[in-house]
Every structure is written in C-alpha cells, then in structure tokens.
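Asks: heads up, no residue letters with this:
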C-alpha cells in the first residue's frame, strides 16, 4: 500500500473539508438546540466559519445546560455581523439615538474601554468582508454612499466633542476586538484627542479665472519695445510667441505667489496648516482653475478670526479674478497622523 | 460676525460650506460637500487602524490612485454619472499639465496592476488570462521531474455602469 503518497493527499483534503464539515456540524447543532430551545456555547474557533445569518431563536426559557457566556442568538448574529468603526471619542460623550452610518438599518453606538469610546455600527459581513470590499470599493456609487455616511457620523460626533477620525472601512468581527483595539492604542488615541480638543479642521480652496490671470501675466511680461514697428512680420510673430511663452510661465509664477500669500496668511492663525494636491475645479462646480487646496487646524476660539481672515483675503483677491471656497468645520482627518506619529 | 460666541462656532455653520460674514466672493451659498472633498479625507487621511478585515494594502493603493484619477479626471467622473460642474474643461497649459499627470498616474496604475497580477484592460477588449503552475512529480519521495503548466483563456472585458469590471 502506497501509504507515503496517500497521507499528504489525505491531509490536504481533510484541511479543505474541515471548515465545511464544521459548518455542517454547527448547522445540525443549532437545529437540534433550537428544538430544545436552550442556550448553547460555541467555541471561539467556530466563529471563523462563514455562515448565512439565521433567524434569532425565541428567548431562552430554562437554565442553559451548556455553561458559557454566549447565547445562541448572539452567536448567530455575531457570525454574520461586523463592527464598523468610524472614529474614537472620549467615553461617555453624548450621541443622538437615531444616528446611522454605513448600514442605514443599524444605529451608531459607543463601545467603551479604557476611558475611550469607539463610534461603531453593525454591518453585514456579506458586504464588508475582504472579498466583498474589494469589489464594492471599486463601485463608485457604493463608495460614495459609504463615504458620505462615514463622514456624517463623524460630523455629528464633532458637534459634541473632539473626535479622532478613522479611515473608511475599519471593521472588526467582535466587540471584544474593538475594546482590545482601544486598550492597545489607548495612549496614542488619548494623545490625539488631547491635540484635537477644542479644535477643528477647515479647508480653503482657491480658484483663479484663467482670463484674469493671463491678463496679469501679459501685463507683467510686456515691455515697451519701440523697435517692434520696424521688425519683419516673421520677427514680430516670433516676439509674440516668446511673449506668450513667458506669459505662460508667469501664470504659474502668479498662481504660486497667490497660493503662498493666501496659505501663509492663514497658516499664521492656524495651529497647523497643510497643502493638499489640487482637485480638478470642474468637480466643485466652480469656474476657474484651482491653485490652492489648503487645510488648517484652527482653535475654536480662533475660528472667528480665521473666518474673518478668509473673508478679507477673498475681498483682496476678488479683483484679481480669484474665488475662495471655505469648508468646515471638519473632523481633523488631515491632522491626526501627525498626532499619532508624534505620540510614537 | 463680531461677537460670535466661539463655543457655538460649529453650530452656526452649515458644515459643508461655511459662510462667514461678509459672504465670500462668488460663493453660491451652502451646498452638500463635494465628493472630492469627502473622498480625499475618508480614503486618504484619518487614522489607519488594522481591523480584522485586512484590506490588502496594494488594493488600497490602487484604489487611492483610481480615486485621485477620478477627482482629477472629468471624463472618468462623467462615466460615473457625476456631473456637478458646468463648464467643459478648457484646453489650457494647466489643463494639459493635468492631462499629463493623469497619464502618468494611469501608467503607474497599470504598472502596479501588472505587478499585482491584476489585468486592467478596457471595455470590449479581449483579455488573455494566463495561469501558470509548477508541477513537481515525485516518486518514492524523490523529485523526478518538474514542469511548468500554462493555461490560457481568452475572455472579453466588460465595464458596467457602476464602473465594475467583469468578464463575460
């Protein structure tokens, strides 16, 4: 008998079949227990098996025969559910009851640990597990819905306290794991919250009307040139082309100059200021081309001064064909990394 | 507004487009936040904490590049049915620069997808999917032969309205 050849094959096959057998076994267990109507305990390992969500069993009547902390209903529910974390606040921060997030049918709640609270809502793993996420994240309609929902939750939280925003799609399979994360990252999260207390992020984007900038550029480039009248048509043409090329360079220089003036003025009032990559101006519904996309961390007590500074700059630059867009307050997405890194 | 109590600073403003007094030049009033503003924050910023669900970092990198292309590319946004803007892009030197940037990003994307083994063909294109596998033939626990098995299949690439790619 070729025992040598068979054993590895058996091992491989057993490995493949084990999860399926476990799933089948769990199903049978559940059915039997449901008939008896008792609570059951399942080992943690069984949670790894993917199961379709099953209807919650009616309440337990008698004492559980199997010792353990997990009722059948909770377990069945937990298997199909993930816990989506939006951000972190201090424990006991008030939250509206009717706030929903990534899943419109599940309320956002606080999971507390170590003086911190994670903003969490349940999401179906069918939508949020690795395989599904890969597909869904590439579906712009899905992405837009979830991105707006994510931001909305943090927005509401920001109204009441400092909030450390998380990136989209941080999902844990159990509440215990969320608590574990809070305990593990406690120092870093408290430090970030400390840096963000009483502050918010504001965004300023600046757009230049192309025609206005080009006029300014040409004005800077044009030099009185008495000899123009006497040159040939060809030379005049070349002169004009050179002037246009210099004007194009000037346009870039002008945009830089203006960006520095605006950003510098606002950075002076900010706790911290950053420049972000430019967006295509058409996406904002604005005329003109974006030449500044800045974000600023502002103390609440300085917010009025900041807004006044933006308004003053807007007036100054209006005659140059520049429009400013102020958005905020935002949760400090752009300013948490530095907090985390500073703490480490 | 002079005399604003700063503690209620946040409550006074529509979060999306704050309107200080005097109103900003050319501003049209509060509007829902642009998708670009939201995506550049929720996808690219904020703390990264590893949840149980491990999104492959390469996937996120590809996604981020794609989103940057989306934010930077009007044509792509139009394909998605996103059209908040009113003007067509004008062909200016700045726009050309952006086009070049987009091309660069696209090549990076393609190179990354190649490296990751992800095919990225266009809609309607026929795709040849090649899988390779190394077979080791053993006798009595000793390797007697090895060979590469290659399998080719030709499929047609389709892109549906949601921007999802699929093979038919």
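Replies: Great, that's in hand. None of these values were measured; they are calculated from a predicted model.
Asks: Where do the domain boundaries of chain A fall?
Replies: A:78-198, A:200-332 (automatic domain parsing).
Asks: is chain B contacted by the last one?
Replies: Yes: contact of domain A:200-332 with chain B (C-beta under 8 Å from any C-beta of the partner chain) involves A:200, A:202-203, A:210, A:248, A:251, A:276-277, A:279-287, A:289, A:300-304, A:307-308, A:310-311, A:314-315, A:317-318, A:323-330. Quick note: C-beta positions are derived from backbone N, CA and C, even for glycine.
Asks: what distance separates that domain from the middle of the whole chain?
Replies: Taking C-alpha atoms, centre = their mean, to the nearest Å, one finds domain A:200-332 lying 28 Å from the centre of the chain it belongs to.
Asks: what's the answer for stretch A:178-188, then?
Replies: Using C-alpha atoms, centre = their mean, the offset of stretch A:178-188 from its chain centre is 19 Å.
Asks: related to what we said a few turns ago, just the domains of chain A: most buried one?
Replies: Ranked by mean neighbour count, those are led by domain A:78-198 with a mean of 19 (mean count of other C-beta atoms under 10 Å in any protein chain shown).
Asks: and that domain with chain B, contact?
Replies: Yes: applying C-beta under 8 Å from any C-beta, one finds domain A:78-198 in contact with chain B at A:82, A:85, A:87, A:128-130, A:133-135, A:137-144, A:147-148, A:150-151, A:155, A:158-159, A:164-173, A:177, A:181, A:185, A:192.
Asks: ok, now how distant is residue A:168 from residue A:241?
Replies: 49 Å (C-beta to C-beta, to the nearest Å).
Asks: and if you look at residue A:176?
Replies: Separation of residue A:176 from residue A:241 (C-beta to C-beta): 70 Å.
Asks: Kindly report the same for residue B:142.
Replies: Residue B:142 sits 77 Å away from residue A:241, taking C-beta to C-beta as the criterion.
Asks: so where is the chain shaky, pLDDT-wise?
Replies: Reading this off chain A. A:1-6, A:9-10, A:12-14, A:16-26, A:28-79, A:223-230, A:280-285, A:338-344 (pLDDT under 70).
Asks: Chain B is the one I meant
Replies: Using pLDDT under 70, chain B drops low at B:1-32, B:51-99, B:118-141, B:143, B:148-168.
Asks: Show me it divided up by domain.
Replies: Using automatic domain parsing, chain B is parsed into the domains B:1-23+B:30-46, B:57-120, B:122-168.
Asks: Which of the three states applies to residue A:11?
Replies: The local conformation at residue A:11, judged by DSSP: H, G, I helix; E, B strand; the rest coil, is helix.
Asks: To clarify, my last question referred to residue A:122.
Replies: Residue A:122 - assigned by three-state DSSP - is strand.
Asks: Leaving out chain neighbours, which residue sits closest to it?
Replies: Spatial nearest neighbour of residue A:122, chain neighbours left out: residue A:106 (4.4 Å); criterion: C-beta to C-beta, 6 or more residues apart in numbering or on different chains.
Asks: if I pick that neighbour, what's in contact with it?
Replies: A:100, A:121-123 (C-beta atoms under 8 Å, 6 or more residues apart in numbering or on different chains).
Asks: nearest to residue A:222, of these?
Replies: residue A:100 (59.8 Å; C-beta to C-beta).
Asks: The closest one is in contact with residue A:107, isn't it?
Replies: Yes: with contact defined as C-beta atoms under 8 Å, residue A:100 counts as touching residue A:107 (6.0 Å).
Asks: what's the overlap in contacts for these two?
Replies: Residues touching both residue A:100 and residue A:107 by C-beta under 8 Å, 6+ apart: residue A:121.
Asks: Which members of the residues of domain A:78-198 next to chain B are positioned in strands?
Replies: Taking DSSP state E, the ones among the residues of domain A:78-198 next to chain B that sit in strands are A:82, A:85, A:87, A:164-172.
Asks: before we move on, what SS does residue A:201 have?
Replies: Per three-state DSSP, residue A:201 ends up strand.
Asks: Next up, the contacts around the residue nearest to residue A:196 when sequence neighbours are not counted.
Replies: Excluding the flanking residues, the one nearest residue A:196 by C-beta to C-beta, 6+ apart is residue A:162, at 4.3 Å. Applying C-beta under 8 Å, 6+ apart to residue A:162 gives the contacts A:89-90, A:193, A:196-199.
Asks: repeat that for 6 Å
Replies: Each residue near residue A:162 by C-beta atoms under 6 Å, 6 or more residues apart in numbering or on different chains is listed here: A:193, A:196-197.
Asks: In TSV, list those residues along with distance to residue B:108.
Replies: As requested, the contacts of residue A:162 are exported to TSV (distance: C-beta to C-beta, whole Å):
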residue	distance to residue B:108
A:193	36
A:196	33
A:197	39
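Asks: Residue A:262: which of these is nearest?
Replies: The shortest approach to residue A:262 among these belongs to residue A:196, at 24.3 Å (C-beta to C-beta).
Asks: What separation do you get for residue A:239 and chain B?
Replies: The spacing between residue A:239 and chain B, counted by C-beta to the nearest C-beta, to the nearest Å, is 19 Å.
Asks: For that residue, pull up the helix or strand it's in.
Replies: Take DSSP states H and E as the rule and residue A:239 turns out to sit in helix A:233-267.
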